[in-house]
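>>> For reference, the sequence and a predicted model appear below.
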Amino acid sequence: MQAKAFRIYKTGGPNVMKWESVDVPEPGSGEALIRHTAIGLNLADTYRRTGLYPMKLPNGMGNEAVGVVEAVGPGTRGVKVGDRVGYIGGTPFFDAYSEMRVAPVDALIPLPDFIDDRTAAAGLLKGITAQYLLRASYRVRKGDTILVHAAAGGVGAIMCQWANALGATVIGTVSTEDKAKFAKKNGCHHPIVVKRKGPKFAKKVRKLTDGEGCHAIYDSVGKETWEESLSSVRHRGTVISFGSASGKPPKTDIAATGAIGSPYIARCALVNYTTSRRELMSRARDLFQAMESGAVKVPVNQKYKLKDASKAHKDIEARKTTGSTVLLP
Ligand SMILES: NC(=O)c1ccc[n+]([C@@H]2O[C@H](COP(=O)([O-])OP(=O)(O)OC[C@H]3O[C@@H](n4cnc5c(N)ncnc54)[C@H](OP(=O)(O)O)[C@@H]3O)[C@@H](O)[C@H]2O)c1
């Protein structure tokens, strides 16, 4: 069988992604054939496209999609034809940017009826990321003050809503006044509009926290924010790096962190917080509960045709998007 899919043969700009007809194999044992109905766009897709996150080439693109099971391999248990499922990785081949694909059943998350396909594609990866960051990397408690960078983005908007519901005070950074309004609507109590050059937010964070600093800093921007993130944490607080939107964060001199209050510092990655099917499903269930209770509403703010994925990459890299983005086959 043939389907349309993106293939990438070399790293580079958005146009290195090629929209091609590809062969789709029959599903083997432990695999399912999925017809995609919506695909999640993640900034990390652009990191892989540019080579910032290395991946084997040639390859497909994307690791988050939602769809319907069309066939299962011999002896396969766990899903059946007609099931609505989503996935956020755990697949040996990046092939979410495709009309259909074969994926291991172990990676598939059955979707509850109350979540439509587009919302699921927009919220599964980003929502499970928000879940592990707020509930495991650092467990946010009522009364905490946290700092969320890119607060109007896909992960950021979900984190702000969820942390707010947990009883935290949320400070966020954004690049424009419009994004500040959007972040505020999504539960960020104190959005800070940062300038491209010069000091950005640490002074304001100190002021907002009566000089104490934040209990936890969630830094997905990296190069442009890391030093100030370290200056915004309270004594023995937590500083988490989980993305590199502006480039990799600079190296941290661990001995020097004794002079800034001995913070706990970690680079957190989704793959290390979904290490088994059990852990993946437990985090997914927590996300679904947060969505069903209304604590988290995934804002699906941009929709593109799948074949226009290059345009979607240009827009997210140019910081033109807010909330989540889906690609539609
Ligand atoms: N480690 C993990 O487990 C994990 C999992 C998922 C996502 N992530 C990370 O979480 C972050 C958010 O992901 P997302 O897909 O939801 O993307 P997103 O937040 O919707 O988009 C990225 C945002 O980063 C901000 N940004 C700051 N400096 C930037 C720069 N120099 N270039 C481009 N953007 C810049 C922009 O917001 P402003 O214009 O407001 O600054 C932009 O809208 C990414 O860094 C991603 O890699 C990590």
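Structure received. Residues are numbered from 1 along each chain as shown.
>>> How about the secondary structure of the residue most central in space within the chain?
Nearest residue to the geometric centre of the chain (CA atoms, centre = their mean): Lys126, 3.5 Å. At Lys126, secondary structure determined by DSSP: H, G, I helix; E, B strand; the rest coil is helix.
>>> so it makes contact with Ala150?
No - using CB atoms under 8 Å, Lys126 is not in contact with Ala150; the gap is 11.3 Å. (Glycine included, C-beta is placed from N, CA and C.)
>>> Check what pLDDT Lys197 gets.
You'll see Lys197 listed with a pLDDT of 80.
>>> How many neighbouring residues does it have?
Counted by other CB atoms under 10 Å, the residues lying close to Lys197 total 7.
>>> residues in contact with it?
By CB atoms under 8 Å, 6 or more residues apart in numbering, the contact list for Lys197 is empty.
>>> residue in the stretch 201-329 of the chain nearest to the ligand?
The stretch 201-329 of the chain approaches the ligand most closely through Gly243 (2.2 Å), counting by CB to the nearest ligand atom.
>>> In space, what's closest to that residue - neighbours in sequence excluded?
In space, and not counting its chain neighbours, Gly243 is closest to Ser220: 3.1 Å by CB to CB, 6 or more residues apart in numbering.
>>> Show me the strands in the stretch 51-200 of the chain, by range?
Taking DSSP state E, counting those that start in this stretch as the criterion, the stretch 51-200 of the chain carries its strands at 65-72, 84-87, 100-104, 109-110, 145-148, 169-174, 190-193.
>>> Out of these, flag the one nearest Lys10.
Closest approach to Lys10 among those is made by strand 100-104 (21.9 Å; CB to CB).
>>> Just the C-alphas of the closest one, formatted as CSV.
Extracted as CSV, the C-alpha positions of strand 100-104 are listed here (Å, rounded to 0.1, in the frame of the first residue of the first chain):
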residue,chain,number,x,y,z
MET,A,100,-0.8,6.5,7.6
ARG,A,101,1.9,4.4,9.3
VAL,A,102,2.7,1.2,11.1
ALA,A,103,3.5,1.7,14.8
PRO,A,104,4.2,-0.6,17.8
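>>> Quick one: residues in contact with it.
Against strand 100-104 from outside (CB under 8 Å, 6+ apart): 1, 3, 5, 24-28, 30-36, 60, 65, 67, 70, 87, 90-93, 95.
>>> same deal with stretch 138-150?
134, 156, 159-160, 163, 166-174, 188, 201, 205, 208-209, 212, 214-221, 225, 229, 232, 238, 240, 243, 245, 264.
>>> and it, how far apart are its ends?
18 Å (CA to CA, to the nearest Å).
>>> Any idea how far it is from the middle of the chain?
17 Å (CA atoms, centre = their mean, to the nearest Å).
>>> Quick check: Leu280 is in a helix.
Yes - under three-state DSSP, Leu280 sits within a helix.
>>> Buried ones in stretch 155-174, by neighbour count?
155-164, 166, 168-174 (16 or more other CB atoms under 10 Å).
>>> show me what contacts the residue of the stretch 201-329 of the chain closest to the ligand?
Leu43, Ala44, Ala150, Val155, Asp219, Ser220, Val221, Gly222.
>>> The ligand contacts on the stretch 151-300 of the chain?
Contact residues (CB under 6 Å from any ligand atom) of the stretch 151-300 of the chain with the ligand: 152-156, 174-175, 179, 220-221, 224, 242-243, 245-246, 268-270.
>>> Just the buried ones from those residues?
For those, buried by 16+ other CB under 10 Å: 152-156, 174, 179, 220-221, 224, 242-243, 245-246, 268, 270.
>>> among those, which are in helices?
Gly154, Val155, Gly156, Lys179 (DSSP state H).
>>> Would you check which pair of these lies furthest apart?
Taking CB to CB as the measure, these span a maximum distance of 13.9 Å, between Val155 and Lys179.
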